[in-house]
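Asks: Here's my sequence, what's the structure:
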Amino acid sequence: MARELSFVQRVERSIIKTYRNEIWNPFVEACKNYRLVEEGDRIAVCISGGKDSVLLALCLRHLQRYSDVSFDLQYICMDPGYNDANRRQIAHNCKILEIPVNIFNSDIFQVTTSVGGSPCYLCARMRRGHLYAKAQELGCNKIALGHHLSDVIETTLMGMFYGSQLQAMLPKLKSTNFEGMELIRPLYCVNESSIIKWREYNNLEFIQCACRFVDEYSKSDDGIGKSKRQEIKKLITELKKNNPDIEHNIFKSIHNVKLDTFVAYKQKNTEHSFLEEWEGE
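Replies: Down below sits the predicted model:
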């Protein structure tokens, strides 16, 4: 007679069984192809309280148990000024999923809301700085964030539509302010739709967003909100109706850039023009 699995065991099992092709295999593919997890790493898994970062924590924990590569994990959560309900939800999820999270406080929301205008850029920079600092304090050499394939696609399109540039999101980065530290994105090849299905399959509840402005999202008539990212999500949803492969194609395009066809490009903050080669011929 097979033994009955605990709740956390059932949730973890769903990742490698029910959603093996949609979540586990793409997760492993990203870790291998982009060399995100290496021998001797001490990785700080950054939990924001949303579905993506919690799934990331569970995937990395399972990988740690069965991988031939030896690495250590620390689970950290920065409270930038959550309301009490969000703070309780994060603590509850970590408890039922047996994630030994280290929650620490910051005043980021208080600081960013006092600057006026859109505080998103400042908030993102401050959050990352606090996470790097905490990870370094714990002896880690990497922080892992829950950005997924949909984030990559949306960021690329947002750069084109609103930033007048072709700019993607890398699967890993070296920190410019914290020597020896790296940022990795192990869910890089996992589509958000798969994460949503996994969440619903396990009847898990997460906070919608770490941002205190999430009320605009939840109260909007269409359930999408007014942010540029949500606008892009809606556009992709419409495009998929006629082209189901649209997300795959956009993702593949950032791996298949033909620089010879571009009028200009920038590398390491140095601008280049197609005329450089033209005149050199």
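Asks: Quick one: the strands in this structure, in order.
Replies: Using DSSP state E, the strands of the chain run over 42-46, 72-79, 101-105, 142-144, 172-174, 182-184, 264-267, 270-273.
Asks: can you tell me how far Ser150 sits from Glu279?
Replies: 41 Å (C-beta to C-beta, to the nearest Å). Backbone N, C-alpha and C define where each C-beta goes, glycine included.
Asks: The two: who's more crowded?
Replies: Neighbour count, other C-beta atoms under 10 Å: between Ser150 and Glu279, Ser150 has more, with 23 against 8.
Asks: Could you give the number of residues near Ala133?
Replies: 16.
Asks: please renumber so the chain begins at 431
Replies: Okay, using 431 as the starting number, the last item reads as Ala563.
Asks: how close does the closest residue to Pro510 other than its chain neighbours sit to Gly559?
Replies: Distances taken as C-beta to C-beta, 6 or more residues apart in numbering put Ile538 closest to Pro510, at 3.7 Å, once the chain neighbours are dropped. Applying C-beta to C-beta, the value for Ile538 to Gly559 is 9 Å.
Asks: so who does Glu612 touch?
Replies: When contacts are counted by C-beta atoms under 8 Å, 6 or more residues apart in numbering, Glu612 touches Asn571, Lys572, Ile573, Lys602, Leu603, Lys604, Ser605.
Asks: so the second one makes contact with Gly470?
Replies: Put plainly, it is Lys572. No: using C-beta atoms under 8 Å, Lys572 is not in contact with Gly470; the gap is 10.8 Å.
Asks: Tell me how many other residues crowd Glu434.
Replies: By other C-beta under 10 Å, neighbour count at Glu434 equals 7.
Asks: same check, this time on the one 4 residues further on
Replies: When counting by other C-beta under 10 Å, one arrives at 14 neighbours for Val438.
Asks: Now for it: which residues touch it?
Replies: Ile526, Leu527, Glu528.
Asks: does the second one really touch Leu485, like I thought?
Replies: In this case it means Leu527. No: Leu527 is beyond contact range of Leu485, at 10.0 Å (criterion: C-beta under 8 Å).
Asks: And these two? Which one has more around it.
Replies: Legend: neighbour count by other C-beta under 10 Å for Leu527 and Leu485, higher for Leu485 (25 against 18).
Asks: Give me the nearest residue to the more buried one, chain neighbours excluded.
Replies: Ile625 (5.7 Å).
Asks: residue contacts, that neighbour?
Replies: Ile453, Lys481, Asp482, Leu485, His578, Leu617.
Asks: Asp502 too?
Replies: Asp502 neighbours (C-beta under 8 Å, 6+ apart): Asp471, Arg472, Ile473, Gln494.
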